[in-house]
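K.L.:
sequence first, predicted coordinates after that:
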Amino acid sequence: MYVFNGYTYQKKDLQIVSSRDVKLQGIPDSDTKQTSLHIGQDGIIATCDSFEVQDKEGKRKLLVTDTEVQYHTEEVVYTGKAVFDGSVETPLLRGPITDSLRLESASSSIMLSGPEGISVQAPAGNILIKSSNDISIQADNKIFFNSTSLFLKNVPVSSRKKNGHTYAGVYQLCMCENGRLFLVSASGECVPTKTICD
């Protein structure tokens with residue numbers, strides 16, 4: 001059946017009933033790609049250059065093109081996992097109230113970029129950054145650590161023998177020329193062993 005305009009009788013709902021699939025297709029005058037909506041038992045398939053969802057006031061809520069997906073809402077909630085092959089642009093990323101937020105890349109990397117800064121907060125819990133390789137923190141200006149306590153675990157200890165008193169559990173924190181940190185005894189000098197700065 002081909003129609004140019006279809007209207008309902010006395011403002012009633014328009015019903016299209018079929019015992020099988022329903023396919024609505026628009027045939028343009030030119031040789032451009034046809035637009036269609038296929039409603040089947042296994043799902044709904046829309047074929048078009050862009051797919052848009054609007055609310056009752058005509059405001060855009062969702063836009064899908066061949067290059068991006070735009071959500072025009074204040075909040076998007078995922079109850080399970082969300083996997084993205086490309087980039088995600090959002091002003092706020094928040095985990096559920098009863099669970100933790102986890103960002104993970106199994107075989108590649110994760111990059112957080114913000115022209116005016118990036119804020120990572122955990123008001124009621126801890127923040128864990130874990131990597132199977134190195135973790136690099138770089139800044140063109142300064143790096144500040146603002147905390148009542150600062151712990152550096154597994155820092156190597158230079159065991160050169162020097163005369164002087166020893167204090168159990170007390171060390172000096174020293175730095176190699178390449179930036180690597182190491183410990184020496186409280187009364188010793190910051191003199192590294194042969195391999196500690198390699």
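P.N.:
Thanks, I have the structure now. If you're wondering where the values come from, they're calculated on a predicted model, not measured in any experiment.
K.L.:
how about stretch 145-152: buried residues?
P.N.:
Neighbour-count burial for stretch 145-152, with 16 or more other CB atoms under 10 Å as criterion, is recorded at no position. Glycine gets a C-beta too; all of them are placed from N, C-alpha and C.
K.L.:
now it - C-alpha only, CSV.
P.N.:
C-alpha atoms of stretch 145-152 as CSV (Å, rounded to 0.1, in the frame of the first residue of the first chain):
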residue,chain,number,x,y,z
PHE,A,145,49.7,16.7,48.3
ASN,A,146,47.3,18.0,51.0
SER,A,147,46.8,15.4,53.6
THR,A,148,47.4,14.8,57.3
SER,A,149,49.5,11.7,56.5
LEU,A,150,51.5,10.6,53.4
PHE,A,151,52.6,6.9,53.0
LEU,A,152,55.2,5.7,50.5
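K.L.:
show me the strands in the chain, by range?
P.N.:
Under the criterion DSSP state E, strands of the chain are mapped to 22-26, 35-40, 43-47, 51-54, 60-64, 69-71, 171-175, 181-185.
K.L.:
tell me which of those strands sits most buried.
P.N.:
strand 181-185 (a mean of 18; mean count of other CB atoms under 10 Å).
K.L.:
what packs against that one?
P.N.:
Secondary-structure packing of strand 181-185 (3 or more CB pairs under 8 Å, 6 or more residues apart in numbering; DSSP states H and E): strand 171-175.
K.L.:
sheet partners, orientation included, of the strand it packs on?
P.N.:
Each strand paired with strand 171-175, and its direction, by DSSP bridges: strand 181-185 (antiparallel).
K.L.:
contacting residues for Pro28?
P.N.:
Remark: with contacts taken as CB atoms under 8 Å, 6 or more residues apart in numbering, Pro28 is in contact with 34-35.
K.L.:
brain fart, Ile143
P.N.:
Contacts for Ile143 (CB under 8 Å, 6+ apart) come out as Ile137.
K.L.:
which non-adjacent residue is nearest Val157?
P.N.:
With CB to CB, 6 or more residues apart in numbering as the criterion, Val157 has its nearest non-adjacent residue at 4.6 Å, and that residue is Leu183.
K.L.:
for that neighbour, give its distance to Ile135.
P.N.:
With the distance defined as CB to CB, to the nearest Å, Leu183 ends up 20 Å from Ile135.
K.L.:
residue nearest the middle of this structure, spatially speaking?
P.N.:
By CA atoms, centre = their mean, the chain has its centre lying nearest to Leu103, at 5.7 Å.
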